[in-house]
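A.B. asks: mind folding the following:
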Amino acid sequence: RGLGDVYKRQFFNGGYPLLVIAPVFAVFGENLMALYAVNAFFGALTAVLICLLAREAGAGKTGQLVAALIWAIYLPSLLNTGAVAKENLLLPLVVAVLWCSLRTLHRPSLPVLALGGILFGTISLVGNAGLSIALAAVVALVLAPASVAFKLKGSVIVVLLFAIIAAPWVIRNNQLLGQPLLNTNGGFNIYLGNNLSLIHI
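C.D. replies: This is a model prediction of the structure:
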């Protein structure tokens, strides 16, 4: 097995292919319309989560509906539905984490923190760039109206659940590549971001 074969086995994150494409194709065959339907469901789910997020932020019913409407008419959200792209799954996960962060800031609870840990673990598989919102969750937990003991317990739960979900993929990559990575496309992203002419190729 050559290096090129290994590189192809681990370039992007594996979450979207493993959690969405593989199950959909297993049930419906290689049917892109079925996959697009699932993407549309994720888009609708994101709209619902945006409503919940807006409500948690203090918005009334009108504000919640406006927030969801903005998402519904946002062009990239419409275009992504017809694309085999991880962002379809990543976006509802990110919005859900933001909801967990706001809920923790207002009414901290261990079940919400556990949900946050599960979401972060899933994000690490789908698109680890989404982990950049971890700072919001950390700030929310630090400022939450709860005891230090509660915050420490909550932090352990989040980290533990995150590790349990991410570990199998990281172990797999360590065995295949010799390094415990989530993906290997970081260098490509840096190159692409600094060579915009590639977009026209």
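A.B. asks: so how far is residue 150 from residue 111?
C.D. replies: 13 Å (Cβ to Cβ, to the nearest Å). Backbone N, C-alpha and C define where each C-beta goes, glycine included.
A.B. asks: tell me what the longest helix along the chain is packed against?
C.D. replies: Looking across the chain with DSSP state H, the single longest helix is helix 148-177. On a contact count with 3 or more Cβ pairs under 8 Å, 6 or more residues apart in numbering; DSSP states H and E, helix 148-177 meets helix 3-9, helix 110-126, helix 134-143.
A.B. asks: repeat that for 6 Å
C.D. replies: Packed against helix 148-177 by the contact rule (3 or more Cβ pairs under 6 Å, 6 or more residues apart in numbering; DSSP states H and E) you find helix 110-126.
A.B. asks: just for this structure, where's the confidence low?
C.D. replies: 1-11, 185-201 (pLDDT under 70).
A.B. asks: one step back: which of residue 111 and residue 150 has more neighbours?
C.D. replies: Between residue 111 and residue 150, counting by other Cβ atoms under 10 Å, residue 150 is the more crowded of the two (16 against 9).
A.B. asks: which SS state does the residue lying closest to the more buried one once chain neighbours are set aside fall under?
C.D. replies: Excluding its sequence neighbours, the residue lying closest to residue 150 (Cβ to Cβ, 6 or more residues apart in numbering) is residue 108, at 6.8 Å. Put simply, residue 108 is coil when judged by DSSP: H, G, I helix; E, B strand; the rest coil.
A.B. asks: I figured residue 108 hits residue 147, correct?
C.D. replies: No - contact criterion Cβ atoms under 6 Å: residue 108 and residue 147 do not qualify, at 9.7 Å.
A.B. asks: find residues that contact each of those two.
C.D. replies: Between them, residue 108 and residue 147 share no contacting residue under Cβ atoms under 6 Å, 6 or more residues apart in numbering.
A.B. asks: so these two - more neighbours on which side?
C.D. replies: residue 108 (19 against 10).
A.B. asks: what's the neighbour count on residue 78?
C.D. replies: Considering only other Cβ under 10 Å, residue 78 is surrounded by 12 other residues.
A.B. asks: make 5 the first number, not 1, from now on.
C.D. replies: Fine by me, first position is 5 from now on; the one you just mentioned is residue 82.
A.B. asks: name the element it belongs to?
C.D. replies: helix 79-85 (DSSP states H and E).
A.B. asks: residues in contact with that helix: which ones?
C.D. replies: 40, 43-44, 47, 75, 91-92.
A.B. asks: could you do stretch 132-147 as well?
C.D. replies: Contacts of stretch 132-147 (Cβ under 6 Å, 6+ apart): 94, 98, 101, 105, 108-109, 127, 155, 186.
A.B. asks: how about it: buried residues?
C.D. replies: 132-135, 137-138, 140-141, 144-145 (16 or more other Cβ atoms under 10 Å).
A.B. asks: with that, I have no additional questions.
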